[in-house]
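No letters, just coordinates:
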Ligand code: PRP
Ligand code: URA
């Protein structure tokens with residue numbers, strides 16, 4: 001698990017508990033998911049480059065900064081949408097690409113149904129966002145698709161990761177850093193993460 005960074009924080013641990021709780025409503029689930037993503041943004045973007053320039057305070061001139069890297073956020077539909085606003089709050093000028101993908105319930109293989117990406121993938125910091133990394137099929141396919149379109153600097157932000165998914169993304173995309181809020185135990189025979197939080201898309205959207 002060399003490429004995995006689990007971002008540990010007491011507030012994240014508390015919030016993961018709320019997401020796991022089957023009695024949490026969709027309304028609260030969305031609020032808490034956004035809150036966890038907000039806490040993770042700092043670590044995921046820690047290496048972003050800055051441009052410095054002079055800024056005049058009411059008292060004197062000092063050094064100021066703006067971000068130099070162009071950022072492209074890629075939520076994997078549907079559940080990745082639950083993390084998007086958190087990122088846009090901090091990086092309002094980020095571009096957003098969407099990749100639509102669902103897991104076939106029988107084969108557990110990802111089926112892609114939509115993709116719309118901004119230009120300049122090769123020169124941008126590309127952040128794939130999806131709360132669940134289970135078999136890793138969806139994340140790996142999304143990353144593969146972005147690489148085919150020349151994306152070079154890709155990272156993956158999930159909330160709950162399973163060892164199987166981490167292993168798969170590491171094997172297929174060894175250059176991609178994975179950020180998770182928690183590493184869970186295993187997958188069940190239906191490909192659900194244990195203990196997990198159930199189907200993230202269904203819990204966000206109440207389906
Ligand atoms: C969920 C989740 C990931 C995928 C993870 O999406 O948001 O995209 O499963 O599973 P994997 O690692 O085994 O591929 P889902 O297929 O349920 O689609 P949805 O978000 O539209 O509900
Ligand atoms: N997708 C989910 O939403 N949850 C899981 O546990 C596995 C895949």
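Nice, thanks for sending it over. These numbers were taken from a predicted model, which means no experiment stands behind them. Residues are numbered from 1 along each chain as shown. Ligands and ions are numbered 1, 2, ... in the order given.

gap between stretch 32-43 and the chain center?
Remark: stretch 32-43 is offset 10 Å from the chain centroid, using CA atoms, centre = their mean, to the nearest Å.

now it: mean pLDDT?
For stretch 32-43, the mean pLDDT works out to 98.

Any buried residues in that stretch, and which?
Under the neighbour-count criterion of 16 or more other CB atoms under 10 Å, stretch 32-43 has 32, 33, 34, 35, 36, 37, 40, 41 buried. The way it works is simple: take the backbone N, C-alpha and C, and place the C-beta from them, glycine included.

from these, which is closest to residue 78?
For these, the closest approach to residue 78 (CB to CB) belongs to residue 33, at 12.3 Å.

So what touches the helix or strand containing residue 139?
Secondary structure assignment for residue 139, by DSSP states H and E: helix 137-148. Outside helix 137-148, the residues that touch it by CB atoms under 8 Å, 6 or more residues apart in numbering are 74, 76, 97, 99, 101-103, 108-110, 112, 115, 117, 121, 126, 128, 130, 133, 154, 156, 158, 165, 168-169, 172-173, 176.

Tell me the bridge partners for residue 110.
Judged by DSSP bridges, the bridge partners of residue 110 are residue 103.

Using CSV, lay out the buried residues of stretch 32-43 together with secondary structure and distance to ligand 2.
Below are those laid out as CSV (DSSP: H, G, I helix; E, B strand; the rest coil; distance: CB to the nearest ligand atom, whole Å):
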residue, secondary structure, distance to ligand 2
32, helix, 15
33, helix, 12
34, helix, 17
35, helix, 19
36, helix, 15
37, helix, 15
40, helix, 18
41, helix, 21
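
Distance to ligand 1 for the residues you listed - can I get that in a markdown table?
Output for those, formatted as a markdown table (distance: CB to the nearest ligand atom, whole Å):
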| residue | distance to ligand 1 |
| --- | --- |
| 32 | 16 |
| 33 | 11 |
| 34 | 15 |
| 35 | 18 |
| 36 | 15 |
| 37 | 13 |
| 40 | 16 |
| 41 | 19 |
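
Enumerate every residue touching the closest residue to residue 83 other than its chain neighbours.
Closest residue in space to residue 83, ignoring its immediate chain neighbours: residue 37 at 3.9 Å, by CB to CB, 6 or more residues apart in numbering. Contacts of residue 37 were listed using CB under 8 Å, 6+ apart, and they are 82, 83, 86, 87, 129, 157, 159.

Check residue 71 too.
Counting by CB under 8 Å, 6+ apart, residue 71 touches 45, 48, 91, 93, 94, 95, 124, 125, 126, 127.
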